Structure formats: C-alpha cells, structure tokens
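1. heads up, no residue letters with this:
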C-alpha cells in the first residue's frame, strides 16, 4: 500500500474540514430556524417547513456529490462525476440561495461554498462567482434585518462577508496549489513505478539472455564436442566389431565411456556455474597438456595421424577461475576445429605468460582457409558458433582474437588476454 505524501495528507485534512464545516454551519442554521419559531420577527410556519425541506435536499445533494467523488478517487473504474461537477455546484448554490430567502441564518453556509467555487471553477469564473455570492449574501442579511430596530445596512453586514470571501479566496488558492502539487507528485510516482517495473523486466530479460548465451557457449565447447567424439568413436567401434577386431572395439568403447563421463561432469559443473572439472583436478598448464594428449589419442582412434603438442612460455601465474576456464574452452574449441575441419598432421598449443598479458596460440598445418571468411557467425543448422562463442568469451575479459590462415598453409588462432592487476608468478 502506498503511503500518502505530505501534500496529499494536508489536502485530505482540508477536504474533511470543508465537509465538516459545511455540515456544522447548515446544522446551526437549522437549529436557529427551529428555535426562533414563536418569537417576535420569527419566520412563519410555512417558511420553517420550506427551510427544513430545502436544508434536507441541500444536505442530500451535497452528500451525494462528495460520496461519488470519494468513490471515484479510490477506484477509478467507478462512475466519474467530474463532467457533472459544475451542474452539482449549480444545484448546491441554487438551494443555498433559496434558503437565504427563508432565513438569514443560512448566510454563513456561504463560506464553505466559496471553497467549492474555487475548486470546481476556473479562476476567471470562480472570482466573479464569489463576488456575486458575497453581494447576494450582503443583500440577504440586509433584507432579513429590515424589521429590526437597526434595520439599515450596517458596516458589519458588509465587512463580515467581504473578509470571509477574501479569506476563502486566499485559502482556496493555497488549496489549489497543494492540489496541483499532489497531482504532480502522483504522476511522477506513477511514472517512477512504471519505469522501475520496465527496468526490472529489462534486467530480467537481459539476465535470461546472458544465461542462454553462457549455456550455448558451454554446450558448444564441451558437450557438443564430446558428443561428436562419442559418435565418431561409436562408428569406429562398430567397424572394428564388423571386422572382428575386438581389441580395437574395446579401446574405442573405453574412449566413449571416458568421454561420456567427462561430458556428464562438465554438464553438472556449468549448470552450477562452477569451473571445469579438469581445472578442479589440476592447474591450467597440466589441463592443457592433458587436452593435447587426449586430442592426439582420439585422433588416432579415428584413424587420423595427428600429432598434438603443448608448449609453455614464461613463468606461469595463478589466474582467476574465469580466466582459466576461458583459456581452456578456447583451446578445446580450437582443437575441435583442427580435427574436424583442418585435416592437419600436427598441432601445437602454446600458452605464454608475457608480463601484463597471457596468450594462447593454436597452430595446425592443415588445409587452411581464407581468414576473411571466418566471421564467427552461426549457421542455420546450429554449427559455426565456435569462433563467435570464442570472441564473446575473450571480449568479456577485454581480450582479443586473431586468426591467420591461407589455403594450404595451415592456421594460427592467437588469443590475448590482459592479466588482472596484482597477479604475480607462482
């Protein structure tokens, strides 16, 4: 539930005081009308009955208007009385004028009516209306005092209504200023709530998209490569069984089992947002060395004579988990491209620690390609996301990716990542 502002609280208090003041002044006039029956100069019985009927009708009309306004303010779907506000004010003023003809005691009900005129009418109409009401009020007081001993027009009959009207105008203008301020605050608060809701929705959508991209990168660099290896090893084992070479088939099935186990561990780790299981067992250097050995073993199992070697340049430093995972995924994706597309006989993975940056270069002597075509965009079949994923990973660490290749001359994938401040040799 929204807490009301200071201006809104003041407006509510003023509105309640206005309604209470109207009710009290009307009740006092009715009491004076009834207590004056039978005294000298008292109104006739017909006038009293007319006064009571008009008073009751005025109270009902006034109460109906305020209740309808209150309900609409609390729930905007309810009937909106605003288009009929001036007609309602006209009815209230007409009933008041008729009561003035009955008794001068109803003259003081004019003061809360002045506030209604200021609130419901534009200023260019409200001020003349108040002036006319004041003149009628003075005239009514003079009319009902004619039979008294000092029945002439007295100064108090003029000053009282005039000062009352002036006070009502000043207070009404202040009330309108507060009303406009409260309305502006309400509009600003509504805009703020709407903006916050839109911002929360945008942040949620951005978070969802970022998580999807993370999962896509992890799946491509781990599970997709592992499943591809499992498919190829399965086909190789099938051929070995058909030819009766059970030892080779057993070796291929062992590789399938190891790859599936590694994929399961990878899936569990990136769902939990943790580092690669390979990095949990050892550091980045040893993990890359084992990756090269695994790549060479799997290539041999597929019947490909690929020699894969790891080289270390410089003194290793302890890197944050994010850096180690990014470099490992980069090596996995690059070597997957080597055995899948390059038809290479040799590949070299070089990890270099060069002062303020760490570099990872993957070279192969394969068929190469036009490097200008390596845009890193996904294709319709879901492939082709490797370079795009790699660029996104490196960009998150302010790193860079360069590819050097030409048909028949092999390929070099060079990655550079600036080291975090304060990292030292270990």
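-> Yep, it's here. Computed from a predicted structure; not experimentally measured.
2. Secondary structure element holding residue 415?
-> Here residue 415 is covered by strand 411-418, with elements defined by DSSP states H and E.
3. got the buried residues for that strand?
-> Buried residues in strand 411-418, counted by 16 or more other Cβ atoms under 10 Å: 411-413, 415-417. (Glycine included, C-beta is placed from N, CA and C.)
4. likewise stretch 318-330?
-> By neighbour count on 16+ other Cβ under 10 Å, the buried set for stretch 318-330 is 319, 323-330.
5. From those, which land in strands?
-> Members of those lying in strands (criterion: DSSP state E): none.
6. Include distance to residue 35 and pLDDT when you put those into TSV, please.
-> Formatted as TSV, these follow (distance: Cβ to Cβ, whole Å; pLDDT from 0 to 100):
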residue	distance to residue 35	pLDDT
319	97	87
323	94	88
324	97	89
325	93	85
326	94	87
327	99	90
328	99	88
329	96	84
330	99	88
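7. need the helix or strand of the protein with the lowest average pLDDT.
-> Counting by mean pLDDT, DSSP states H and E, the weakest-scoring helix or strand in the chain turns out to be helix 277-281, with a mean of 65.
8. Could you point out the helix or strand that follows that helix?
-> Next in sequence after helix 277-281, counting helices and strands by DSSP H and E, comes helix 284-301.
9. Would you mind checking the average pLDDT for stretch 130-142?
-> Regarding stretch 130-142, the rounded mean pLDDT is 82.
10. In the stretch 1-150 of the chain, what residue spans correspond to helices?
-> Along the stretch 1-150 of the chain, counting by DSSP state H, counting those that start in this stretch, helices occupy 6-35, 45-74, 85-102, 110-120, 123-144.
11. can you redo these as a markdown table with distance to residue 287 and mean neighbour count?
-> Shown next, in a markdown table, are the helices of the stretch 1-150 of the chain (distance: least, Cβ to Cβ, whole Å; neighbours: other Cβ atoms under 10 Å):
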| stretch | distance to residue 287 | mean neighbour count |
| --- | --- | --- |
| helix 6-35 | 63 | 15 |
| helix 45-74 | 66 | 15 |
| helix 85-102 | 78 | 18 |
| helix 110-120 | 77 | 21 |
| helix 123-144 | 80 | 17 |
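12. Out of those helices, which gets nearest to residue 182?
-> With Cβ to Cβ as the measure, helix 6-35 is the member of the helices of the stretch 1-150 of the chain nearest residue 182 (4.2 Å).
13. what angle separates the closest one from helix 85-102?
-> Using axes from the mean of the first three to the mean of the last three Cα atoms, to 10 degrees, the direction of helix 6-35 lies 30 degrees away from that of helix 85-102.
14. what's the burial count for residue 251?
-> For residue 251, the count of nearby residues is 18 (other Cβ atoms under 10 Å).
15. On the three-state scheme, it is what?
-> helix (DSSP: H, G, I helix; E, B strand; the rest coil).
16. hmm, back to that, put together TSV for the buried residues of stretch 318-330, with distance to residue 173 on each row.
-> TSV is the format used below for those (distance: Cβ to Cβ, whole Å):
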residue	distance to residue 173
319	70
323	67
324	71
325	68
326	67
327	72
328	73
329	70
330	72
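17. ok, residue 363 - contacts?
-> 347-348, 350, 410-413 (Cβ atoms under 8 Å, 6 or more residues apart in numbering).
18. Swap in 7 Å and give it another go.
-> 347-348, 410, 412 (Cβ atoms under 7 Å, 6 or more residues apart in numbering).
19. out of the residues you listed, which is most surrounded?
-> When these are compared by neighbour count (other Cβ under 10 Å), residue 347 ends up highest, at 26 neighbours.
20. That one reaches residue 304, doesn't it?
-> No. Using Cβ atoms under 7 Å, residue 347 makes no contact with residue 304, being 11.0 Å away.
21. Could you name every residue contacting both of the two?
-> Counting by Cβ under 7 Å, 6+ apart, nothing touches both residue 347 and residue 304.
22. just the strands in the stretch 101-250 of the chain please.
-> In the stretch 101-250 of the chain, no strands are found when defined by DSSP state E, counting those that start in this stretch.
23. so where's it shaky on pLDDT?
-> Residue ranges of the stretch 101-250 of the chain with pLDDT under 70: 146-157, 211, 214-215, 217-222.
24. repeat for the stretch 251-400 of the chain
-> For the stretch 251-400 of the chain, the ranges with pLDDT under 70 are 269-281, 371-386.
25. give me that answer again for 50
-> Low-confidence segments of the stretch 251-400 of the chain, defined by pLDDT under 50, are located at 379-383.
26. which residues in it form strands?
-> Secondary structure of the stretch 251-400 of the chain (DSSP E, counting those that start in this stretch): strands located at 307-313, 346-354, 357-364, 400-405.
27. and the longest one, what does it pack onto?
-> Using 3 or more Cβ pairs under 7 Å, 6 or more residues apart in numbering; DSSP states H and E as the contact criterion, the elements in contact with strand 346-354 are helix 284-301, strand 307-313, strand 357-364.
28. Go again with 8 Å.
-> Under the contact criterion of 3 or more Cβ pairs under 8 Å, 6 or more residues apart in numbering; DSSP states H and E, strand 346-354 touches helix 284-301, strand 307-313, helix 321-337, strand 357-364.
29. now for the first one, which elements pack on it?
-> Yep, that's helix 284-301 we're talking about. Packing contacts for helix 284-301, counted by 3+ Cβ pairs under 8 Å, 6+ apart, involve helix 225-242, helix 246-271, helix 277-281, strand 307-313, helix 321-337, strand 346-354.
30. What are the contacting residues of that helix?
-> For helix 284-301, contacts defined as Cβ under 8 Å, 6+ apart pick out 229, 233, 236, 251-252, 255, 259, 276, 278-279, 281-282, 305-310, 312, 316, 319, 324, 327-328, 331-332, 335, 338-339, 347, 349, 351.
31. of those residues, buried ones?
-> When the contacts of helix 284-301 are checked for burial by 16+ other Cβ under 10 Å, the buried set is 229, 233, 236, 251-252, 255, 259, 276, 278-279, 306, 308, 310, 319, 324, 327-328, 331-332, 335, 338-339, 347, 349, 351.
32. closest to residue 138 out of the strands of the stretch 251-400 of the chain?
-> From these, taking Cβ to Cβ, the stretch that ends up closest is strand 400-405, at 89.1 Å.
33. Give me the angle between the closest one and strand 357-364.
-> Going by the same axes, to 10 degrees, strand 400-405 is angled at 20 degrees with respect to strand 357-364.
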